[in-house]
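Student: structure for this input, please:
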Amino acid sequence: MSDIPLLEVRNLSKHYVQRGSLLGQRTDVFKAVDTVSFSLPRGKTLGLVGESGSGKTTIGKCALRLIEPTSGQILFDGQDITHISGGELRRRRSDMQMIYQSPAASLNGRMTIGEIIGEPLWLHERLRGQRRRERVMELLHIVGLKTEHYYRFPHEFSGGQQQRVGIARALAVKPKLLILDEPTSALDVSVQAQVLNLLHELQQQFQLSYLFISHDLSVVRYLCDQVALLYLGKVVELADVETIFTRPKHPYTQALISAIPEPDPDGGREQILLQGDLNLRTPKQGCPFAPRCHVAKLAHCETDVPPLVEVEARHQVSCHLHPSSAHSRN
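Tutor: Numbering: from 1, shown residues only. Coordinates of the predicted model:
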């Protein structure tokens, strides 16, 4: 297996210019994603975690080039795909697929299940007739659906079955990377477990890499190898999953983990309550998390944006309370 990461994002930013007059005068810039960097090894799962508005889905869509980044680089399988277009981008799209949060909204209600799963086979491989039907039947079996489901329509299925159809459609072109945008958040708890187990089995079977977008830390702990915590478009902490859950460094990470329900109500873990609400307008200066931070702040928390630095081996944190390991030795 190659040592080159399957997906590498370097200083990715996506900014939206807000205009406030009929003349289209520039009034403000909303930084949905701001200089985000990470890498995803082959066959592994990286979780992107954060509140609504933290930039998780925007990163996923930029990685697929469904929306154009403002700046930065996206490398897939060692190739810079930031500016490719046309046929070259279309060929790369067969290696990268997305599974959406709402299975019902992502399926065309006018098409049968066979047509939905078979459409990418025609678009990317020009498969038709019996060959395409056989491949669709194989995909139905892989995701746990039945042959008779081929001629049914999406509204005849439960939410969990609809998501299985979405997974089968994504697998049709034999991708290397799946971007999972909260794929179980719209499902019942029991069905969530079934879909997560299916995703885990498919990853082992086909050596898939996952970029898993979620706000549910319990699900992230089960499925992910690494976790990146996002706040207002910036990565505030990045490490392997066990480090994040056992030795969180950033106050935001600590607060999120403290809110995970415990089976034992007398477990002794105290919940950290964040101050105020998430303000999507990033402060012009200082740490973006400073207005809600529960930890005693330093003077420069209000004036300087903390860089993302390595505080331990393969553990990065963006917080003035945790200087880099190199800095702390000086």
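
Student: please count neighbours and contacts with C-alpha atoms only from this point.
Tutor: OK.

Student: check for me that K61 belongs to a helix.
Tutor: Yes. Assessed by DSSP: H, G, I helix; E, B strand; the rest coil, K61 belongs to a helix.

Student: give me the secondary structure label for the closest residue in space to it that isn't next to it in sequence.
Tutor: Leaving aside its sequence neighbours, K61 sits nearest to I67 (C-alpha to C-alpha, 6 or more residues apart in numbering; 5.8 Å). Following three-state DSSP, I67 is assigned to coil.

Student: touching, I67 and I59? I think so.
Tutor: No. Using C-alpha atoms under 8 Å, I67 is not in contact with I59, being 9.3 Å away.

Student: in terms of neighbours, single out the busier of the two.
Tutor: Counted by other C-alpha atoms under 10 Å, I67 and I59 do not tie: I59 has more neighbours, with 25 against 13.

Student: which residues sit in contact with the nearest residue to the more buried one once chain neighbours are set aside?
Tutor: Take I59 and drop its neighbours on the chain: the residue closest to it by C-alpha to C-alpha, 6+ apart is V33, 7.0 Å away. By C-alpha atoms under 8 Å, 6 or more residues apart in numbering, the contact set of V33 is 12-15, 54-55, 58-59, 232-234.

Student: do you know the pLDDT at S102?
Tutor: For S102, the pLDDT comes out at 89.

Student: for the residue nearest to I59, phi and psi?
Tutor: Backbone geometry at V33, expressed as degrees, to the nearest 10, gives phi -140, psi 130.

Student: same question for the one 3 residues further on.
Tutor: When read as degrees, to the nearest 10, the backbone of V36 gives phi -90, psi 130.

Student: and it, how close does it get to G78?
Tutor: From V36 across to G78, the span is 18 Å (C-alpha to C-alpha, to the nearest Å).

Student: pick out whichever of those two has more residues nearby.
Tutor: V36 (22 against 12).

Student: that one reaches K234, doesn't it?
Tutor: Yes. Shown here, V36 and K234 form a contact pair, counting by C-alpha under 8 Å, at 6.0 Å.

Student: all strands for the stretch 151-300 of the chain, in order.
Tutor: For the stretch 151-300 of the chain, strands defined by DSSP state E, counting those that start in this stretch occupy the ranges 177-181, 209-214, 226-231, 234-240.

Student: average model confidence for the third one?
Tutor: Strand 226-231 shows a mean pLDDT of 96.

Student: for it, which outside residues touch it?
Tutor: Residues contacting strand 226-231 (C-alpha under 8 Å, 6+ apart): 45-51, 54-56, 220, 235-241, 244, 253, 288-289.

Student: now the residue nearest to K61: how far from H15?
Tutor: 11 Å.

Student: for the stretch 1-150 of the chain, which spans come out with low pLDDT?
Tutor: For the stretch 1-150 of the chain, the stretches flagged by pLDDT under 70 are 1-2, 19-26.

Student: all strands for it, in order.
Tutor: 7-19, 26-40, 45-49, 71-76, 79-80, 96-99.

Student: okay, now the sheet partners of the shortest one, with direction.
Tutor: Think strand 79-80. Sheet pairing of strand 79-80 (DSSP bridges) gives strand 71-76 (antiparallel).

Student: again with the third one
Tutor: If you go by DSSP bridges, strand 45-49 pairs up with strand 209-214 (parallel), strand 226-231 (parallel).
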